[in-house]
Structures are given as structure tokens and as C-alpha cells.
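K.L.:
structure of the sequence below:
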Amino acid sequence: MTENDIKILKENFDEDMIKELDMENVKIIIDYLLRNKVYYAKDLLLNSLDLFLLDSNIFIEKFENLKMKLGSNYVDKLGEDMSLIELMY
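P.N.:
Sure thing, here's the model as predicted:
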């Protein structure tokens, strides 16, 4: 993460939430998203930090369900409307 990314996180989320981040867990989630062609994975992190606080296995399970809900073009749909990530809740 760059300094600018950290600045954005601090603008969007409180310090306590940011401190809860397990960077190894975040790395697993980001790697999973990138393997699934989600090229905007970092944007999801910067906008939906609470999902990245989930254990990576739970995140992956919820994202797999999201993929089924959105269909085969889930990458494009989610890229066009990142609020669809809320279907993971």
C-alpha cells in the first residue's frame, strides 16, 4: 500500500478499524481477487475495508456467492457499480 492509499483509508475509516487489518489476510484476499481478474481489488479495499477484516476464507466464500449472483460477467458488473459488493453482507 502506498502513502496515498493509507491517506484514503484514514479519510474513509476510523483509526481503530484500520488497526484491525491483518496485512497477511489482506494479501490473501487481494491475491484471490486478482486471480479472479478483479483488477480494481485495491479500490475495493479502499472503499469496503470492513470486508477485508473478514477472515480470508469467509471473504472468499462470500465472494464466490457474489459471483454466482452476478453471473459470468461479474467483473464488469462490479467494476461498473462497486456498490454491488454490498451483496456480500
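
K.L.:
what helix or strand is Leu45 on?
P.N.:
helix 41-47 (DSSP states H and E).

K.L.:
what is that helix packed up against?
P.N.:
In terms of contacts (3 or more C-beta pairs under 8 Å, 6 or more residues apart in numbering; DSSP states H and E), helix 41-47 is packed against helix 3-12, helix 23-35, helix 49-52. No exception for glycine: its C-beta is placed from N, CA and C like everyone else's.

K.L.:
list the buried ones in stretch 65-83?
P.N.:
Neighbour-count burial for stretch 65-83, counted by 16 or more other C-beta atoms under 10 Å, picks out 66, 70, 74-75, 78-79.

K.L.:
which members of the residues you listed are positioned in helices?
P.N.:
Those of the buried residues of stretch 65-83 mapping onto helices are 66, 70, 74-75, 78-79, per DSSP state H.

K.L.:
now do the contacts for Thr60.
P.N.:
Heads up, residue 60 is Ile, not Thr. Each residue near Ile60 by C-beta atoms under 8 Å, 6 or more residues apart in numbering is listed here: 29, 32.

K.L.:
quick check: it vs Ile28, distance?
P.N.:
Distance, Ile60 to Ile28, by C-beta to C-beta, to the nearest Å: 8 Å.

K.L.:
what's the answer for Ser72, then?
P.N.:
24 Å.

K.L.:
Lys62 too?
P.N.:
14 Å.

K.L.:
for stretch 51-66, buried residues please.
P.N.:
Using 16+ other C-beta under 10 Å as the test for burial, stretch 51-66 gives 51-52, 54, 56, 59-60, 62-63, 66.

K.L.:
same question for stretch 15-35.
P.N.:
By 16+ other C-beta under 10 Å, the buried positions in stretch 15-35 come out as 21, 25-26, 28-30, 32-33.

K.L.:
if we can go back for a sec, closest one of the buried residues of stretch 51-66 to Thr2?
P.N.:
Of all the buried residues of stretch 51-66, Thr2 sits closest to Phe52, with 16.3 Å by C-beta to C-beta.

K.L.:
please name the residues that touch that closest one.
P.N.:
Residues in contact with Phe52, defined by C-beta under 8 Å, 6+ apart, are 21, 25-26, 29, 44-45, 59.
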